[in-house]
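> have a look; sequence and predicted model below, questions after that.
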Amino acid sequence: MTGVDEAREPEAQESLLPGLKAEVRSTVARSRSATRQRGRAAQRATEAAEIDPVARVLVDLPLAHLDRPFDYLVPASMGEAAVPGCRVKVRFAGQDVDGFVVERVAESDHPGRLAPLRRVVSPEPVLTAEIAALSAELAERYAGTRSDVLRLAVPPRHATTEKQPSAPVVDASVDVAAARAAWSSYDAGGSLVGHLAEGGAPRAVWTAAPGEDWPTLVAQAAAATFSSGRGAVVCTPDHKDAERVSAALTALLGEGQHVLLSADSGPAARYRAFLAVVRGACRIVVGTRSAAFAPVRDLGLVVVWDDGDDLHAEPRAPYPHTREVLLLRARAEQAGALLGGFAASVEGAYLVRTGWAQPVAAARAVVRQRVTVAVAGATEQELARDPYARGARVPSAAYHAIRDGLETGPVLVQTPRAGYAPSLACERCRTPARCGHCSGPLRLTGPATPPACAWCGTAAVGWACPECGHAGLRAPVLGADRSAEELGRTFPQTTIVQSSGERVRATVPGGRDLVVATPGAEPVAAGGYPAVVLLDTWLSLARADLRTDEEALRRWMNAAGLVRPGGRVVAVGEPSHPALQALVRWDPLGFAEREIAERQTARLPPAARVATVSGPASAVEEALALLTLPDAAEILGPVPHAGARRGGAVDQPVDWRAVVRAPRAGGAALSHALREMQQLRSARKLDPVRVQVDPATL
């Protein structure tokens, strides 16, 4: 049987040959056709667009020495889609990378052959010429790269949202007379609004009076600008403040006249709001620090509320501050600028001192009608009335303020620390209690939990003081949870409401509740608080930082600003401290002027430009060796920095930091020198260092 089959095999193979030959001929034909098509496609790709065939593309690269636009050929097939501001893919260093078309030009300075654009990701022009110019200015100002700035300025693409049209522009009427009346209680407030309505560009530093409905006043200023056919950008420290301004704008102008631009809104909602702005459907933007880059058409006003809040400082490179971004935009686009807050930052006061901005403040008579501020502490008069006031955390004046306030509404108590007992010490000798395992600080997280280490979490059962042998512990600092517990025992018939940490409340009803909150987490009460009590003010003043006093006053005034007209504020602390005296007088600009005078003597910001260079010791030394200092600049350090690795009984510093300081007139030269240093290090592939110009804290 096998032999028969073998005899027939050649015949079977011969019968299959015609089919195989036909299949091979078909495959070859298809291959040749595909080759011709690829050739024609390649030829079309090399055929340049008839109009402006060169695209200057800002490639998304983190390398400082490559921070410049590169020229690419615009294929004829992409001639209409590759508009300035659109997203593209280009070939760079052997890989496909993202980029933005900055502009289209007729010729290139590049002598060689230009590589073509790979593809147009989206024809939507999301990068306007104004924001592209701003990115270059910020990269120079903060010694960073334009690609890092654009990551902050342009939100990630959401393809589904991009296909949806934006709502058409709806006209809205603005009552300019009502806006002027709303600002009439402030010196020069009415003229500020009138100037905006007439198309002007006033610059002002506004200190709000206590009990002021500041979101409504901000909305009135934005509406007055809108009435002149221009747009406005309003930036607040957090999302809850932005929502308050958004609600005020909706009540004033109606739906669809503004957008809320914030990362908390989610990717799709944020990109939808961004597209409405870039397409010109909305001219008023409210949001957090990312909203400072909103590409509003015909920008007429920029507003930053509470510019001293550290939430305005961007934690990502190149670390720009919202205030500086908006001020640069106001200068470049000839728009008005308004820096507002219950307190005044030192930088804002410096703008007033130099004449760049004008102060807008309420008259003293208005402030006296709005609030009464007192300090309860161990003064001679206080001790005469209350002999136990020296050691009391809640002296009689604060107690009476809480008791009387609860008769008419909610009372706010601000305590500077969250948690229960964030630090412990020996009850007898006051030696700080440390963990026996890792030497970390001990703390209490609740009334029924044992003391435990804040670093490793080990429970300190049977702890004894290494200095005196005593086993008792005390809490030198009480957190919000412990404060709420103590106040609950003092006022047993009162509901205690807490707002701190992860339990932040935006609002509270107007009932007779006792609200205990940490700084920045104070909820807004319906109708305002009849009384506000500030506990442990000494703790807010105990930080070792350049802005300690300024930050403490800002936190106190933000809480005091929530009182209702005619309310009462009691601060528990040392009455002679300048910050508390400024609170009593409600004089934030005067206090800021005092801070400026001291910083000028010490050559510190804003009287000087300061930058920090931090990283491993060897990298910092290399960076300083490559830095060409401008005239009158100096280097302080490097020294071990606070960034430490916990291990064993002693912290081991891993980062070093140098401070570079120059006179304010040489600030631009210092920024340029730092940027050149970063470009040299990037080109030589040296270890990276972190450069921060005018850091929020030193």
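Here it is on my side, so go on. Numbers count the residues shown, from 1 in each chain.

> residue contacts, the residue sitting nearest the centre point of the chain?
Centroid check for the chain by Cα atoms, centre = their mean gives His312 as the closest residue, at 3.4 Å. If a contact means Cβ atoms under 8 Å, 6 or more residues apart in numbering, then His312 has 235, 237, 289, 304, 306, 321-323 as its contacts. Backbone N, C-alpha and C define where each C-beta goes, glycine included.

> how about Val285: what's its closest non-neighbour residue?
In this structure, Val285 finds its nearest non-sequential neighbour in Ala294, 4.1 Å apart by Cβ to Cβ, 6 or more residues apart in numbering.

> measure that neighbour to Ala625 for me?
For Ala294, the distance to Ala625 (Cβ to Cβ, to the nearest Å) stands at 41 Å.

> neighbour count winner among those two?
More crowded of Ala294 and Ala625, by other Cβ atoms under 10 Å: Ala294, with 28 against 8.

> would you check that the more buried one makes contact with Thr288?
No. Contact criterion Cβ atoms under 8 Å: Ala294 and Thr288 do not qualify, at 11.2 Å.

> where in the chain is pLDDT low?
Within the chain, the segments meeting pLDDT under 70 span 1-22, 24-25, 28-29, 31-46, 378-392, 420-421, 476-478, 642-654.

> endpoints of stretch 537-557, how far apart?
12 Å (Cα to Cα, to the nearest Å).

> what's in contact with it?
In contact with stretch 537-557 (Cβ under 8 Å, 6+ apart) are residues 210, 306, 308-309, 341-343, 345-346, 414, 416-417, 477, 519-520, 534, 571-574, 577-580, 582-583, 586, 588, 591-592, 595, 599, 604-605, 696-698.

> circling back to that earlier point, find the nearest non-adjacent residue to the residue nearest to the centre of the chain, please.
Counting by Cβ to Cβ, 6+ apart, the residue nearest His312 is Thr322, at 3.9 Å.

> all helices for the stretch 401-550 of the chain, in order.
Assigned by DSSP state H, counting those that start in this stretch, the stretch 401-550 of the chain shows helices spanning 480-490, 537-540, 548-560.

> I should have written the stretch 1-150 of the chain there, sorry.
Going by DSSP H, counting those that start in this stretch, the stretch 1-150 of the chain shows helices at 2-46, 129-141, 146-153.

> also the stretch 551-698 of the chain?
Along the stretch 551-698 of the chain, counting by DSSP H, counting those that start in this stretch, helices occupy 578-585, 588-602, 617-626, 667-683.

> which of the residues in the shortest one are buried?
Looking back up the chat, that one is helix 578-585. Across helix 578-585, burial judged by 16 or more other Cβ atoms under 10 Å covers 579-580, 582-583.

> please state the offset of that helix from the chain centre?
Centroid displacement of helix 578-585 relative to its chain, using Cα atoms, centre = their mean, to the nearest Å, is 28 Å.

> for stretch 51-58, same thing?
34 Å.

> what sits up against it?
69-74, 79, 82, 88, 90, 99-108, 114, 117, 132, 146-147, 150.

> quick check: Leu253 touching Phe226?
Yes. Using Cβ under 8 Å, Leu253 is in contact with Phe226, at 7.1 Å.

> who has more neighbours, those two?
Neighbours were counted for Leu253 and for Phe226 using other Cβ under 10 Å; Phe226 has more, 24 against 20.

> so how far is Arg370 from that one?
For Phe226, the distance to Arg370 - Cβ to Cβ - is 29 Å.

> kindly report the same for Gly520.
Taking Cβ to Cβ, one finds Gly520 at 22 Å from Arg370.

> before we move on, the earlier item: which of the contacts of stretch 51-58 are buried, as a ChimeraX select command?
Listed next is the ChimeraX selection for buried residues among the contacts of stretch 51-58, using 16+ other Cβ under 10 Å:
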select :69,70,71,72,73,74,79,82,88,90,99,100,101,102,104,108,114,117,132,146,147,150
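
> mind checking which of the contacts of stretch 51-58 are in strands?
Using DSSP state E, the subset of the contacts of stretch 51-58 located in strands is 70-73, 88, 90, 99-105.

> before we move on, back to that, now, of the contacts of stretch 537-557, which are buried?
210, 306, 308-309, 341-343, 345-346, 414, 416-417, 477, 519-520, 534, 571-573, 577, 579-580, 582-583, 586, 588, 591-592, 595, 599, 604-605, 696.

> looking at those residues, which are in strands?
Using DSSP E, the buried ones among the contacts of stretch 537-557 in strands are 341, 414, 477, 534, 571-572.

> ok, now how distant is the residue nearest to Val367 when sequence neighbours are not counted from Gln369?
The shortest distance from Val367 to any residue other than its chain neighbours is 4.9 Å, reached at Trp586 (Cβ to Cβ, 6+ apart). Applying Cβ to Cβ, the value for Trp586 to Gln369 is 12 Å.

> can you check Pro267 too?
47 Å.

> neighbour count winner among those two?
Gln369 (16 against 13).

> remind me which helix or strand that one belongs to.
Under the criterion of DSSP states H and E, Gln369 resides in helix 364-370.

> show me what that helix is packed up against.
Applying 3 or more Cβ pairs under 8 Å, 6 or more residues apart in numbering; DSSP states H and E, one finds that helix 364-370 makes contact with strand 563-572.

> neighbouring strands for the strand it packs on, and are they parallel or not?
Here strand 563-572 is paired, per DSSP bridges, with strand 371-376 (parallel), strand 529-534 (parallel).

> where do the strands sit along the stretch 401-550 of the chain?
411-414, 423-426, 442-443, 452-453, 473-477, 495-499, 507-508, 513-517, 524-525, 529-534 (DSSP state E, counting those that start in this stretch).

> format these as JSON lines; extra columns: distance to Leu196.
Converted to JSON lines, these look like this (distance: least, Cβ to Cβ, whole Å):
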{"stretch": "strand 411-414", "distance to Leu196": "33"}
{"stretch": "strand 423-426", "distance to Leu196": "49"}
{"stretch": "strand 442-443", "distance to Leu196": "51"}
{"stretch": "strand 452-453", "distance to Leu196": "56"}
{"stretch": "strand 473-477", "distance to Leu196": "46"}
{"stretch": "strand 495-499", "distance to Leu196": "35"}
{"stretch": "strand 507-508", "distance to Leu196": "30"}
{"stretch": "strand 513-517", "distance to Leu196": "34"}
{"stretch": "strand 524-525", "distance to Leu196": "26"}
{"stretch": "strand 529-534", "distance to Leu196": "32"}
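
> nearest to Ala335, of these?
The closest of the strands of the stretch 401-550 of the chain to Ala335 is strand 524-525. By Cβ to Cβ, the value is 29.2 Å.

> the closest residue to Val610 other than its chain neighbours and Pro630, how far apart?
The shortest distance from Val610 to any non-neighbouring residue, by Cβ to Cβ, 6+ apart, is to Arg661 (5.2 Å). For Arg661, the distance to Pro630 equals 11 Å [Cβ to Cβ].

> repeat for Ala139
Separation of Ala139 from Pro630 (Cβ to Cβ): 18 Å.

> those two: who's more crowded?
Taking neighbours as other Cβ under 10 Å, Ala139 and Pro630 compare with Ala139 leading, 22 against 19.

> mind listing what's buried in stretch 48-56?
In stretch 48-56, counting by 16+ other Cβ under 10 Å, buried: 48-49, 52-56.

> likewise for stretch 207-227?
Taking 16+ other Cβ under 10 Å as the criterion, stretch 207-227 shows 207-212, 214-227 as buried.

> next one: stretch 132-139
132, 134-139.

> in CSV: the residues you listed, plus distance to Leu473.
Shown next, in CSV, are these (distance: Cβ to Cβ, whole Å):
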residue, distance to Leu473
Ala132, 59
Leu134, 54
Ser135, 54
Ala136, 57
Glu137, 54
Leu138, 50
Ala139, 52
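
> out of the residues you listed, flag the one nearest to Gly472.
Leu138 (55.0 Å).

> contacts only, for the nearest residue to the closest one once chain neighbours are set aside.
Nearest residue to Leu138, sequence neighbours excluded (Cβ to Cβ, 6+ apart): Val149, at 5.0 Å. Counting by Cβ under 8 Å, 6+ apart, Val149 makes contact with 134-135, 138-139, 318, 320.
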